[in-house]
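*Asks:* Pasting the sequence and the predicted coordinates here, then a few questions.
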Amino acid sequence: MSTKHFVLGLCAALLALPAAQNAFGADLPDRIKTAGKVVIATMPNYPPITFKDPATNTLKGFDIELGAALAKEMGVAVEWQEIAFAQMLPSLQTGRVDMVMAGMSDLPTRRDLQDFVDYLKTGAQFYTSAAMSKEIKSTADLCGKKVGASRSTNWPKQIEAWSEANCVAKGKPAIAVVGTEGSIDARTQLKTQRIDAAVQGNETLPYLLTQEPNTYVILGDVFTTTLAGIPVLKTEPKLRDAVHAALLSLQQKGLYDQLLAKYDLKANTLKPGSVNKGE
């Protein structure tokens, strides 16, 4: 056989290998390679990270596209499971899902059973309604006001810490923190003036302002820095490493940057992706 024919034959053989035998998929857990898919939990209520297209009822968002790209990079398909945020880690721990993609903060308190592959930088952001913006012109005006945030997140504690440092320590009344059922509930309460302001991740606000123009006003800058990560069980180091390697590959190829630009998330860039670096 000539050298040319040997090379051509080798290339054909490599192309014929199962997708899961690529550089990242080769070391996936056997159960995932056998199933040919990775099961990911999400909840489509956090645009532009994850949401549903109202016209088609299909999943959309940065996490959805990134999750599909990660799975492809690992040589497997993706199956999405819609699960309430509070049940995502329990579902991971019981084996219902393999990982979670829902803009979840990588916090040390969440790393007892999970490792996090960090892929976005986020920050808590105060905002108010256009109707309240004449009374609340800056974050300094939040002291003594009612501020809402999803109780399933660490935002309520972060608001309390901010209030202690910026209100109480300066002799001003503390913020009254209101735990809500989620960011949508916080916005509903804000619109009906049951609360005076709200907090959610800065990654969501540019999208929100385009969807509901002249409705909300951002107050100040982000007052925390957090890393969003993809939790994977500590008992699954092969999967964690494969996801991390696939993320780094997508960043090198430029697809990560393309998705950030598509969803107006350039301010949330985290390069290179890391593991368990959230604080």
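*Replies:* All right, it came through fine. The shown structure was predicted, so the numbers you read here are calculated from the model rather than taken from an experiment.
*Asks:* show me what contacts the residue nearest to the spatial centre of the chain?
*Replies:* Nearest residue to the geometric centre of the chain (C-alpha atoms, centre = their mean): Gly103, 1.4 Å. For Gly103, the contact set (C-beta atoms under 8 Å, 6 or more residues apart in numbering) comprises 46, 49-50, 63, 120, 122, 201, 203, 228. Glycine gets a C-beta too; all of them are placed from N, C-alpha and C.
*Asks:* and stretch 151-158, how far out from the chain's middle?
*Replies:* 15 Å (C-alpha atoms, centre = their mean, to the nearest Å).
*Asks:* my read is Thr109 is in a strand, agree?
*Replies:* No. Thr109: not assigned to a strand; according to DSSP: H, G, I helix; E, B strand; the rest coil it is helix.
*Asks:* ok so, going back, mind listing which of the contacts of Gly103 are in helices?
*Replies:* Asp63 (DSSP state H).
*Asks:* how about the contacts of Gly103 in CSV, adding neighbour count, pLDDT and distance to Ile83?
*Replies:* Shown next, in CSV, are the contacts of Gly103 (neighbours: other C-beta atoms under 10 Å; pLDDT from 0 to 100; distance: C-beta to C-beta, whole Å):
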residue, neighbour count, pLDDT, distance to Ile83
Tyr46, 25, 87, 13
Ile49, 29, 95, 15
Thr50, 23, 94, 11
Asp63, 30, 98, 13
Leu120, 25, 97, 20
Thr122, 25, 92, 20
Gly201, 24, 89, 19
Glu203, 26, 91, 20
Ala228, 24, 95, 17
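*Asks:* and which of the contacts of Gly103 is nearest to Lys145?
*Replies:* Closest approach between those and Lys145, by C-beta to C-beta: Gly201, at 20.3 Å.
*Asks:* can you give me the helices in this structure?
*Replies:* Under DSSP H, the chain gives helices at 3-16, 30-35, 62-74, 88-93, 155-166, 183-191, 205-211, 237-253, 255-262.
*Asks:* Would you mark the buried spots in the fifth one?
*Replies:* In other words, helix 155-166. 155-156, 158-159, 162-163, 166 (16 or more other C-beta atoms under 10 Å).
*Asks:* hang on, the earlier thing: so how far is Phe51 from the residue nearest to the centre of the chain?
*Replies:* 11 Å (C-beta to C-beta, to the nearest Å).
*Asks:* what do those two both touch?
*Replies:* Joint contacts of Gly103 and Phe51 (C-beta under 8 Å, 6+ apart) do not exist.
*Asks:* rewinding a little: with respect to Gly144, which of the contacts of Gly103 is nearest?
*Replies:* Of those, the one sitting nearest to Gly144 (C-beta to C-beta) turns out to be Gly201, at 24.6 Å.
*Asks:* my read: the closest one touches Phe126, true?
*Replies:* No. Using C-beta atoms under 8 Å, Gly201 makes no contact with Phe126, being 11.7 Å away.
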